[in-house]
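Visitor: take this sequence and fold it.
(chains A, B, C and D)
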2 protein chains.
Amino acid sequence: MDERGGVREAVTLMPASDPAAMLGISAVERDTGLSKDVLRMWERRYRFPLPLRDKHGERIYPPEQIAKLRAIRRLMDRGYRPGKIIGLALEDLNALGSAPTERSPSDAEIEDVLELIRTHQLPELRQQLNQRIMKQGLQRFVLDTVVPLTSSVGDAWVRGEFAVFEEHLYTEQIQSVLRNAIASAQAHSRAPRVLLTSFPTEQHYLGLLMVESLLVCDGATCIPMGTEMPAQEIIRAASAHRADVVALSFSAAYPERQAASGLKSLRAALPRQVEIWAGGACVRRLRKGMDGIVLVRTLEQLGGLLIDWRATHGGA
Amino acid sequence: MDERGGVREAVTLMPASDPAAMLGISAVERDTGLSKDVLRMWERRYRFPLPLRDKHGERIYPPEQIAKLRAIRRLMDRGYRPGKIIGLALEDLNALGSAPTERSPSDAEIEDVLELIRTHQLPELRQQLNQRIMKQGLQRFVLDTVVPLTSSVGDAWVRGEFAVFEEHLYTEQIQSVLRNAIASAQAHSRAPRVLLTSFPTEQHYLGLLMVESLLVCDGATCIPMGTEMPAQEIIRAASAHRADVVALSFSAAYPERQAASGLKSLRAALPRQVEIWAGGACVRRLRKGMDGIVLVRTLEQLGGLLIDWRATHGGA
DNA sequence: GTCAAACCTTTGTCTTGGACATAACGCGCG
DNA sequence: CGCGCGTTATGTCCAAGACAAAGGTTTGAC
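Guide: Numbering: from 1, shown residues only, chains lettered A, B, ... in the order given. Reported below is the predicted structural model:
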């Protein structure tokens, strides 16, 4: 009932857009992550988007508007506010977005992998990734390959160079490869015991997997709980599993404010000896530190944090 | 902004419920999967739920009502309609739900695993699962262990015997184990090429993983695309990867009608030589067969389907 | 000069009630 | 029985408004 993503007929005969690509408000909500309420509110306030209407008077969004909405959403994730950018043309938005493209040194190697995705060479992709793990070791693989690769894929996707399915396929393969590597590396379980998860609405799994990989490399004991864990449950789980650290991941799309307040109340509820580590793109944007919470701004820090923890708790 | 799951104060001083456990309408939507519109509509039509109001006049739902909503949702997934059951007491709902508990013969072994989850013995759980794979082989493991185990865990969860985090932890471990098994089993890639995915809003990943496991056991080439793939993308992906079969998974919660219409339009858009296999709890409820679509009512059928396919397409 | 409190602006969520599409049900007819 | 059809049950969408909370900005104190 909440899905009307199928074909809809426009009431007008404007040849502007392919009627097959028009989406209802529910489908746009899914596609862009902007709630129905927000879509209607923007229409009222900013006069964008201005969808057509089907024969029943319901909104149908042409693909151009959906593309622009996606671009806006992407910029908002980076901290822009809608009022400032909603008036810009799609190309200007894209320019804003791709401006700070920080290409890493090992450009060529990344490009090779992108090419495999582009040409749908699944076995070769898998092999290539496994080969890199072998060559670099899991730790360097995550830091030097997975991180830049994932952001390149994300960029290519918003620029329309990658289809949705290509991005999914990539994610799928990386997850598979990382899980396997984790399983192999996971042998001796030493302290600390780290509980890995994210808050509700935060579905990004890959970040958690990268963290788990790095922690396992350094011999920590991981308790992976998957995504979208309510605070109450995190507290119960930390106690049940005698966690020393609760590690939370926040993607760029996660609202900063929500992250801060969630962390604060979690801090208040957890015993003081349990550390909280917060990481991910959202955390990178937070200006101030938070009391009793370790902000992990880059994955490279993780190793050091482990060492610190062991130094502090070694005697205990 | 869309998250108000935190503590809220009730306007009344009724001692009926713990104010800390009250949730706003957004949180309830996430928790139950019932949209805000539906929650408000039920309140109008059926006089349930009847949430309290906070000082701003906004709905706050006490835990009892949330529990009942969850039970209703669960029954609806099994085909009940809201009007018939919304008047029942929570205990009656639970009785309805747990009535057809088909306990499998190997009860005791399942119970052992449940106990490990209950007592939070992560390494033992992992070991136990891996041991079973070794003993039974991947195929029997999926059919005889994962399937009944998963449904037992689900039942225990709705009965409140398992916490959310315990269920997540279980899911996490099973996925990890299955992925590893898939990676090991995946060697020679033979026909058919099977594209694995689900429609948008269908997030259940475990079903896909089980299917992939079984297919890999029989030497098929799997192209796992993850969940929530729009029909348009499935079509593009099938073409890009020259898929012979598109396999889709539908959990119990997926609306039947949506499944049927989605499958129909997908069938119309895909080339005739590409088969469509649809499986999952939702499909099991569908009465009639659909033209040009293979309904996989139980996972056991998969092996036979592969054999059939190869028999038909062997010469080509 | 720096920090913080107070204020203004922007933005998103919630509310109500109604309209309406359409799925599911149940009945009567071949 | 199985099929078609009318009826009921159910969910989504719409509109406009209220208001809280986040972000930014200005002022004031130290």
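
Visitor: how distant is stretch A:233-248 from the center of its chain?
Guide: 22 Å (C-alpha atoms, centre = their mean, to the nearest Å).

Visitor: and the contacts of the lengthiest strand in chain A?
Guide: Selection of the longest strand in chain A by residue count, based on DSSP state E, yields strand A:190-197. Contacts with strand A:190-197, where a contact means C-beta atoms under 8 Å, 6 or more residues apart in numbering or on different chains, come from A:208, A:211-212, A:215, A:219-227, A:229, A:234, A:237-238, A:241-249, A:275, A:277, A:306, A:309-310, A:313, B:168. All C-beta spots, glycine's among them, are computed from the backbone N, C-alpha and C.

Visitor: ditto for stretch A:128-143
Guide: With contacts defined as C-beta under 8 Å, 6+ apart, stretch A:128-143 is touched by A:112-113, A:116, A:144-145, A:173-174, A:177-178, A:181, A:185, A:210, A:213-214, A:216-217, A:299-300, A:303.

Visitor: tell me the buried residues in it?
Guide: Under the neighbour-count criterion of 16 or more other C-beta atoms under 10 Å in any protein chain shown, stretch A:128-143 has A:128-130, A:132-133, A:138-139, A:141-143 buried.

Visitor: where in chain A is pLDDT low?
Guide: For chain A, the stretches flagged by pLDDT under 70 are A:1-20, A:97-106, A:257, A:286-289, A:315-316.

Visitor: who touches the residue in the stretch 51-200 of chain A positioned nearest to DNA strand C in this structure?
Guide: Nearest to DNA strand C in the stretch 51-200 of chain A, going by C-beta to the nearest atom of the strand, is A:G83, at a distance of 2.1 Å. By C-beta under 8 Å, 6+ apart, the contact set of A:G83 is A:Y46.

Visitor: what about the closest residue to A:G219 other than its chain neighbours, neighbour count?
Guide: When the adjacent residues along the chain are set aside, A:G219 lies closest to A:R190, with 4.7 Å between them (C-beta to C-beta, 6 or more residues apart in numbering or on different chains). By the criterion of other C-beta atoms under 10 Å in any protein chain shown, A:R190 has 12 neighbours.

Visitor: go on, A:D107?
Guide: Using other C-beta under 10 Å, A:D107 has 11 other residues around it.

Visitor: for the host helix or strand of A:A311, packing partners?
Guide: Element membership for A:A311, per DSSP states H and E: helix A:301-313. Applying 3 or more C-beta pairs under 8 Å, 6 or more residues apart in numbering or on different chains; DSSP states H and E, we find helix A:301-313 packed against strand A:190-197, helix A:206-217, strand A:294-296.

Visitor: pull out the buried positions in it.
Guide: Applying 16+ other C-beta under 10 Å to helix A:301-313 flags A:301-302, A:305-306, A:309 as buried.

Visitor: what does that helix rub up against?
Guide: Contacts of helix A:301-313 (C-beta under 8 Å, 6+ apart): A:139, A:191-192, A:211, A:214-215, A:218, A:220, A:244-245, A:275, A:277, A:294, A:296.

Visitor: got it, and stretch A:224-241?
Guide: With contacts defined as C-beta under 8 Å, 6+ apart, stretch A:224-241 is touched by A:193, A:195-205, A:208, A:212, A:223, A:243, A:246, A:262, A:265-266, A:269-270, A:274, B:5, B:120, B:122, B:163-165, B:168-169, B:171-172, B:176.

Visitor: and the residues you listed, which are buried?
Guide: So, of the contacts of stretch A:224-241, A:193, A:195-202, A:204-205, A:208, A:212, A:223, A:243, A:246, A:262, A:266, A:270, A:274, B:5, B:120, B:122, B:163-165, B:168-169, B:171-172, B:176 end up buried under the neighbour-count rule (16+ other C-beta under 10 Å).

Visitor: stretch A:142-157: which residues count as buried?
Guide: Those would be A:142-150, A:152-153, A:156-157, for stretch A:142-157 by 16+ other C-beta under 10 Å.

Visitor: now, which of those residues lie within helices?
Guide: Among those, the residues falling in helices (DSSP state H) are A:147-150, A:152-153, A:156-157.

Visitor: give the contact list for A:G292.
Guide: If a contact means C-beta under 8 Å, 6+ apart, then A:G292 has A:267, A:272, A:276 as its contacts.

Visitor: so the first one is in which element?
Guide: Secondary structure here is read from DSSP H and E; on that basis A:R267 sits in helix A:256-269.

Visitor: packing partners for that helix?
Guide: By 3+ C-beta pairs under 8 Å, 6+ apart, helix A:256-269 packs against helix A:231-240, strand A:245-249, strand A:275-279, helix A:281-285.

Visitor: interface residues of the stretch 51-200 of chain A facing chain B?
Guide: Applying C-beta under 8 Å from any C-beta of the partner chain, we find that the stretch 51-200 of chain A lies next to chain B at A:120, A:122-123, A:163-166, A:168-169, A:171-172, A:175-176, A:179-180, A:182-183, A:189, A:197, A:199-200.

Visitor: what about the nearest residue to A:D77 once chain neighbours are set aside, how many residues close to it?
Guide: In space, and not counting its chain neighbours, A:D77 is closest to A:A252: 4.3 Å by C-beta to C-beta, 6+ apart. When counting by other C-beta under 10 Å, one arrives at 17 neighbours for A:A252.

Visitor: CA atoms only for stretch A:262-275, dumped as CSV, please.
Guide: Only the C-alpha atoms of stretch A:262-275 are listed here, as CSV (Å, rounded to 0.1, in the frame of the first residue of the first chain):
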residue,chain,number,x,y,z
GLY,A,262,21.7,10.3,21.7
LEU,A,263,25.3,10.0,22.7
LYS,A,264,24.7,12.2,25.7
SER,A,265,21.9,10.2,27.1
LEU,A,266,23.7,7.0,26.4
ARG,A,267,26.7,8.3,28.3
ALA,A,268,24.4,9.1,31.2
ALA,A,269,22.9,5.7,31.2
LEU,A,270,26.0,3.5,30.8
PRO,A,271,28.4,2.7,33.7
ARG,A,272,31.3,5.1,33.8
GLN,A,273,33.9,2.4,33.2
VAL,A,274,32.3,1.6,29.8
GLU,A,275,33.8,3.9,27.1
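
Visitor: briefly note if that stretch comes near DNA strand D.
Guide: No - Stretch A:262-275 stays clear of DNA strand D (C-beta under 7 Å from any atom of the strand), getting no nearer than 10.6 Å.

Visitor: ok, back up a step: just give me the closest of the buried residues of stretch A:142-157 to chain B.
Guide: Taking C-beta to the nearest C-beta as the measure, A:W157 is the one of the buried residues of stretch A:142-157 closest to chain B, at 12.0 Å.

Visitor: against B:I234, how distant is the closest one?
Guide: As defined by C-beta to C-beta, to the nearest Å, A:W157 lies at a distance of 17 Å from B:I234.

Visitor: from B:Q127, how far off is A:L143?
Guide: Going from A:L143 to B:Q127 by C-beta to C-beta gives 30 Å.

Visitor: A:S176 against B:R179, yeah?
Guide: Yes - counting by C-beta atoms under 8 Å, B:R179 is a contact partner of A:S176 at 5.7 Å.

Visitor: tell me which other helices or strands the helix ranked longest in chain A touches.
Guide: In chain A, assigned by DSSP H, the helix with the most residues is helix A:164-185. Using 3+ C-beta pairs under 8 Å, 6+ apart as the contact test, the elements touching helix A:164-185 are helix A:107-118, helix A:122-140, helix A:147-158, helix A:206-217, helix B:164-185, strand B:220-224, helix B:231-240.

Visitor: one step back: among the helices and strands packed on helix A:256-269, which is the most enclosed?
Guide: Neighbour counts (mean count of other C-beta atoms under 10 Å in any protein chain shown) averaged over each of these peak at strand A:245-249, with a mean of 26.

Visitor: quick one, it and helix A:301-313 angle?
Guide: Angle between the axes of strand A:245-249 and helix A:301-313 is 160 degrees (criterion: axes from the mean of the first three to the mean of the last three C-alpha atoms, to 10 degrees).

Visitor: DNA strand C contacts on chain A?
Guide: Checking chain A against DNA strand C by C-beta under 7 Å from any atom of the strand, the hits are A:1, A:35, A:37-38, A:41-42, A:45, A:56, A:76, A:81-84.
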